[in-house]
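[1] next comes the sequence, and after it the predicted model I'd like to discuss.
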Amino acid sequence: MQMRNITAAVALALLAACSGGGSGDGSGNGSGVDAGSGEGAGSGAGSAGDTSLGGAGTGSGEGNVTIDGTAPELIEPLVGAATGKPLARIPLTTARVADHPAWPLKTGIPLAMGQVEDLSQLTLRDADEHVVAAQFRPLARWADGSYKSVLVSLSSPLKAADSLAYVVDVAESTSTADTADTAVASTSDAAAEPERGAPVAVTSAEQLVFHTRASRIALDPNRMSLFDTVWIDRNADGTFDSSERVLDGGGEIYLVDAHDGDRHDSLVSSDVSYVIEEQGSEVTRVRATGYLHDAAGEPLTRYIVRYGFHRRSDLVEFEYTLVDDREEANVRAHEMFLDGDYLLPLSVAEYGLSLPFSLDGAAYRFGGEHGAVHEGALTVRETLLQEGKMHHSQDSGKPGSNYAGLEEPPFTFSFSGVASGEKAAGWVGIADDEVSISLHVKEFWQQFPKALAAAPEGIDVVLHPRPEAPDTRYPAPAGADFERPNTFYAIRPGQAKTYRFLLSLSNADDADPVRDNTIFQAHAPLLHTDPGVLVSSGVFGDVAEASAASAGYDEYLLAGIVDTSFDVDKGSYAQQYGWRDYGDRMRPGWANVVNGTKVPSYYNDTHVGANGFVLQYIRTGDPVWWALGEIASNHWMDIDVSHSNRLGYWSDANHELAGFGPGEGLMIKHENIDHTARNIHPGHAHISGLPYRYLLTGDLRTLEVMREVGDWWVNATDVMFPTPLQDPHYAEAERDYGWPLYVLLQVYRATGEQRYFDAAQQIVAHLVAWWKVPSEHRTVRFVPGSGDPATGIHVHCFDAPSEPCNDDYTVSQSVGLNQYEHGTGWWGMYPKQGNGCSDCNGSNPWMAGPLISMLHEFIAEAGLIEGYAEAHRALLDDAAEMALQTTEYIVRYGWDPIEGEFMYSEDRSNHDPGGITQIVNALTESWLLLQRATRSNPEWYTTSDRWIEIATDYYRNWREVRWRGSTAFGFYGYEMVFPIDFFHTMQALDDAGLLPDSETP
């Protein structure tokens, strides 16, 4: 919750306000170390700021090249260092991976609201206080227009045995005018190498030229040739001549369509468009987009290629995203893909990259395993093929249940060709006596199958090698193994796949491909700040650094789930491998049985998604959490989101089929067969780890997909959450409203773009209108202690035991009215509540918890927008009252004091407990809200003491570090408290002595 870090002082101020002691507005703390006086942590001031990054560029350029006119970049960057005493100092530390003289590093710097209004306030210094050459790019703004997160980029040495320390000085702002989003550099005051100018120059309509430390690279703005011309400075004289040219004529992206055998490549058409997404003195980032065409000019898939050119490093980063953005005309037509006659809409027999690097008398080099290098004279084409296989068992698993299993070992791996082994390192190179070229593929063996080749004609990366007989139809399940197509395939239009590469262009004496690959393959932030800095900024919500307050919880997540579920060496349910599955978690059990074959399924990062993993990294600094979040996010934003418009399921207000654009998540339930789904279930909506990953890395593909998903919900909001209400209001579960609200507020938090907040406001307005509709409350009631005659489980009436109770748990009866004017407002479910009897319409507490939490989140975000409270006072008052009444409702009707737990469904037709991790934050926030001001009808909240008592007991239980069991199946999702800021709030209340002595019920 933005900038609502509840310290003990704030908590006491809240209680003082309730007793007439004044309206405490909170006090702020400067973020970072050696902070000066802090900025206030109350409501924000100033109008909404500019968006962080724009869409299509409108700036100047030559030919097909544009400068992203709405993005935070500038052709002539501002140069200078901040002067004066720093307002704050933000420490940065490099990771210990391997020794390297100049690795390109970047990290997002979180900034407190109001702290930085002009990028010229920022300067990077080393441990000796020397100014370090760096580049700053804005990522997002606060509602007052100040910067929320800024990306710092530099080239830095790395050490295997030690970390290097830097600090970002934040000077006081001297700006009185609004500043544009621009890339700003701090200039080194150390000895500089010979100047070659900025890393990029648009020299003509025929060429884009970039310089790295020892190379010159030209792109052709009129076609996609990957790298059109490349020179390496053999004699290190700072100039380039024809003898130093190592690539001439350009490479290509290609694919072979399995349906007709036609080859599509990037050189056929000139429809390429280049956008300079960031440009400064240290790094230039470029995006190229277009389509792969066949010889007749017919397009098939879209490509997005992103480059990073670094002035002070020999390394070029680039990535290739394949996107099938063809519209899905009828989502229902793709549901029967297991019937054996299903024609795949996309089946690619082979695709990859070709780069015609050429060196006279060159040697080839391939990375093997365990640091081995396989090399020899390059006279013929040499290849390395990486393969793997998942061993799914039809028989093993949990006895007496529907749990299918994985055999032992779950996965096997092998590579062959120029060398043999299990897991190849994923790089190939050529070299002569003076220069070295190596190309590295991220997650090479993990995303099998793959192939690398080196030949006198150049280097090839085959991202999916051609099978002997490419499948064009989905195989019908049969036999012991569940087989999937052997091609790169998609079950529906809308799929994407991104691969990341590193190109090293260096002098032979400086080359070390093994070292470079070790660093490149690491799933750990190579430059990072401390958890204390991250959490104190408020950028990631009201979250605290891991401490004794959450010690038992943090230990259980690692020891009880991560350590026992994620087998990196041989794979597991939670640790999947292969191009289609890497990053997702297999759902234990099977989703269907077809022709006697048990069909497995995947979570598609449900529930909540990898944002929980990334948030644990933010709290703890443990790189294990970062790795889990990064890998899961990469998979989700490629495979588990549709990147095309979809028709055939959703209808608009006129009952016409509607599409809401790209960005619909493929999460219809827990069991998603082969990662596909007809439509999203709103109660399973999430945004994976994209928001916080973007704020920490500035990754532009992450931003691109995050906007797609956010925009899908923006486009769907008026249809799914209309005002006035449609009559009757159809609903089955509270979570169907809480999770879409969560997605929109998370995307708003990460981008600061107003349309996401506006859509969230529409959902809240819809909920208020619904909550105000009176309805009869129908549920099942039991005599206290009587026991269910079918199961013997003790159940109870909700009111005085003297009242008549129905002991038939299949038949409902009226227990009153849902009527907000009398304090009993609720979202009456029609035709019935989820998991309830035929006409029960009350609550599922575990589903309502996230929705109530998100109401509090919305209120908090609204408080940061100047003038919002005054303009929307009625809505905010209603939202607050709605949160309180619905909290009362779920405790009064959903808490079982006999069992001491929340029931899955209030009507008790399902006697399983519903869990509490999704509820405790709502209880705490509602209790705090109730303390902040005197309510006109305090007698409505008869269970309010129990709210904080339940939360207190949960908090105290999870402080304790003890063995709590384990699982081999990975995260279901609801093990993680929603949101994790619960522990921060409770710690503050505990420190202030405001928690009760309680052992509820």
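    That came through fine.

[2] separation between Gly842 and Pro728?
    Using Cβ to Cβ, to the nearest Å, Gly842 is found at 16 Å from Pro728. The C-beta positions use only the backbone N, C-alpha and C, and glycine is treated the same way.

[3] compare these two and say which is more crowded by neighbours.
    A count of neighbours by other Cβ atoms under 10 Å puts Gly842 above the other of Gly842 and Pro728, at 28 against 11.

[4] can you check the pLDDT for the more buried one?
    For Gly842, the pLDDT comes out at 86.

[5] ditto for Gly417
    We have a pLDDT of 99 for Gly417.

[6] that one contacts Arg381, doesn't it?
    No - in this structure, Gly417 is not within contact of Arg381 by Cβ atoms under 8 Å, at 10.2 Å.

[7] more crowded one of the two?
    More crowded of Gly417 and Arg381, by other Cβ under 10 Å: Gly417, with 16 against 13.

[8] list the contacts for that one?
    Applying Cβ atoms under 8 Å, 6 or more residues apart in numbering, one finds that Gly417 lies in contact with 382-385, 451.

[9] can you put those in JSON lines and add secondary structure?
    Formatted as JSON lines, the contacts of Gly417 follow (DSSP: H, G, I helix; E, B strand; the rest coil):
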{"residue": "Glu382", "secondary structure": "strand"}
{"residue": "Thr383", "secondary structure": "strand"}
{"residue": "Leu384", "secondary structure": "strand"}
{"residue": "Leu385", "secondary structure": "strand"}
{"residue": "Ala451", "secondary structure": "strand"}
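
[10] going by neighbour count, which of those residues comes out on top?
    Taking other Cβ under 10 Å as the neighbour criterion, Leu384 ranks highest of the contacts of Gly417 with 27 neighbours.

[11] just list whatever residues bridge to the closest residue to Glu282 other than its chain neighbours.
    Closest residue to Glu282 apart from its sequence neighbours, by Cβ to Cβ, 6 or more residues apart in numbering: Gln135 at 4.0 Å. Per DSSP bridges, the residues bridged to Gln135 are Ser153, Ala185.

[12] I figured Gln135 hits Val283, correct?
    Yes - assessed by Cβ under 8 Å, Gln135 is found in contact with Val283 at 5.7 Å.

[13] quick check: neighbours shared by these two?
    Ser153.

[14] show me the helices in the stretch 851-1000 of the chain, by range?
    Under the criterion DSSP state H, counting those that start in this stretch, the stretch 851-1000 of the chain carries helices at the ranges 868-871, 873-894, 920-932, 944-959, 982-991.

[15] how far out from the middle of the chain is the third one?
    On the basis of Cα atoms, centre = their mean, to the nearest Å, the separation between the geometric centre of helix 920-932 and that of its chain is 28 Å.

[16] and that helix with helix 873-894, angle?
    Using axes from the mean of the first three to the mean of the last three Cα atoms, to 10 degrees, the direction of helix 920-932 lies 120 degrees away from that of helix 873-894.

[17] give me the angle between helix 920-932 and helix 944-959.
    Helix 920-932 runs at 130 degrees relative to helix 944-959, counting by the same axes, to 10 degrees.

[18] ok, now the last one?
    Taking the same axes, to 10 degrees, one finds helix 982-991 and helix 944-959 inclined to each other by 110 degrees.

[19] what's helix 982-991 packed up against?
    Packed against helix 982-991 by the contact rule (3 or more Cβ pairs under 8 Å, 6 or more residues apart in numbering; DSSP states H and E) you find helix 8-18, helix 920-932, helix 944-959.

[20] got it, and the fourth one?
    Here helix 944-959 touches helix 551-555, helix 873-894, helix 920-932, helix 982-991, going by 3+ Cβ pairs under 8 Å, 6+ apart.

[21] contacts for that helix?
    With Cβ under 8 Å, 6+ apart, helix 944-959 has contacts from 548-553, 556, 887-888, 891, 895, 916, 920, 923-924, 926-927, 930, 982-983, 986, 990, 995-996, 998-1001.

[22] ok, back up a step: tell me which of the helices of the stretch 851-1000 of the chain lies nearest to Met390.
    helix 944-959 (35.4 Å; Cβ to Cβ).

[23] next up, the contacts around Ala632.
    Ala632 touches 583-584, 605, 609-610, 613, 688-689, counting by Cβ under 8 Å, 6+ apart.

[24] and the nearest residue to Ala862 once chain neighbours are set aside, how many residues sit next to it?
    Closest residue in space to Ala862, ignoring its immediate chain neighbours: Tyr868 at 4.9 Å, by Cβ to Cβ, 6+ apart. Counted with other Cβ under 10 Å, the neighbours of Tyr868 add up to 20.

[25] quick one on the thing from earlier: can I get the helices and strands packed on helix 982-991 in a markdown table with mean neighbour count and mean pLDDT?
    Formatted as a markdown table, the helices and strands packed on helix 982-991 follow (neighbours: other Cβ atoms under 10 Å; pLDDT from 0 to 100):
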| stretch | mean neighbour count | mean pLDDT |
| --- | --- | --- |
| helix 8-18 | 17 | 42 |
| helix 920-932 | 24 | 95 |
| helix 944-959 | 21 | 96 |
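
[26] how about these in TSV, adding distance to Arg302?
    Formatted as TSV, these follow (distance: least, Cβ to Cβ, whole Å):
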stretch	distance to Arg302
helix 8-18	50
helix 920-932	41
helix 944-959	47
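
[27] any idea which of those gets closest to Arg619?
    Arg619 lies closest, by Cβ to Cβ, to one member of those: helix 944-959, at 13.8 Å.

[28] and the next element down the chain from the helix or strand where Asp638 lies?
    Asp638 is part of helix 623-639 when elements are defined by DSSP states H and E. Beyond helix 623-639 on the C-terminal side, the first helix or strand identified by DSSP H and E is helix 690-697.

[29] just want the angle from that following helix to helix 623-639.
    Using the same axes, to 10 degrees, the inter-axis angle of helix 690-697 relative to helix 623-639 is 120 degrees.

[30] touching helix 690-697 from outside, list them.
    With Cβ under 8 Å, 6+ apart, helix 690-697 has contacts from 106-108, 110, 139-140, 148-149, 151, 525, 539-540, 610-611, 614-615, 618, 629-630, 633, 636-637, 699, 702-703, 705-706, 709, 746-747, 749-750.
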